[in-house]
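S.K.: how does the following fold in three dimensions:
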Amino acid sequence: MRRQGFVAWALVALLLGGPAAWLGWTEPATQTAWLLHPSAGLTHNPIYSYWTCAWVHSNAQHLRLNLAGLILLLGLAWVFKLPTRAALAWLAAWPLTHLALLLDPRLESYWGLSGVLHAGMAVIATTLIVARPTDNIPPPRALGWVLMIGLIAKSWMENPHLAAIVHRPELSMNVAPLSHLAGITTGSLLALALCMPRHLRQSPT
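M.R.: Sure thing, here's the model as predicted:
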């Protein structure tokens, strides 16, 4: 069962990283149809853009960093023996993380994997937090809280003023840190919905 969970997680990672690696990096302006445009609103963004925007990267370093993040998530999924439901939560978080960005009309365009990567890490953290002791997940539940607190602290420290974009000179590009918060929120909520044990979902009678 746990092996199936890792295979499912790996398939999601492949869907995210495969097209991104094949496309490589390019000037995002040349891939306008693939980008998400939060400022344009719901009716002016084609459905596919909520998926395709994750595959576009500004430069080689941007792409390498995000692919390294995917590899890290794969390693954690193997070590933590995540269930298949966790992979489904991550898959659902892919478009929903980008849909949440429409709440900030200051953001003209968005691309890259970082929002979905934060969603994946949030899924892992939440899955560990809600896991039953009998699930035999190697690390203690406390590690899930450490991961979650670290994600929240990172999201706050990198953008305490909630700016739409922040310049990252080490990447020679601007980033949209609110996508990280959107990924954390979306991934956590979906993991709660899909990975919480049934006995915790049921209200006491």
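S.K.: now the helices for the protein?
M.R.: 2-23, 49-52, 60-80, 84-100, 114-130, 141-157, 178-195, 198-201 (DSSP state H).
S.K.: quick one, which of those helices is packed in tightest?
M.R.: Comparing the helices of the chain by mean neighbour count (mean count of other Cβ atoms under 10 Å), helix 114-130 ranks first with a mean of 27. All C-beta atoms are positioned from the backbone trio N, CA, C, and that covers glycine.
S.K.: so which other helices or strands are in contact with it?
M.R.: helix 60-80, helix 84-100, helix 141-157, helix 178-195 (3 or more Cβ pairs under 8 Å, 6 or more residues apart in numbering; DSSP states H and E).
S.K.: of the helices of the chain, which is nearest Ala163?
M.R.: helix 178-195 (8.2 Å; Cβ to Cβ).
S.K.: mean pLDDT added to the helices and strands packed on helix 114-130, as JSON lines?
M.R.: As requested, the helices and strands packed on helix 114-130 are arranged in JSON lines below (pLDDT from 0 to 100):
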{"stretch": "helix 60-80", "mean pLDDT": "93"}
{"stretch": "helix 84-100", "mean pLDDT": "97"}
{"stretch": "helix 141-157", "mean pLDDT": "92"}
{"stretch": "helix 178-195", "mean pLDDT": "94"}
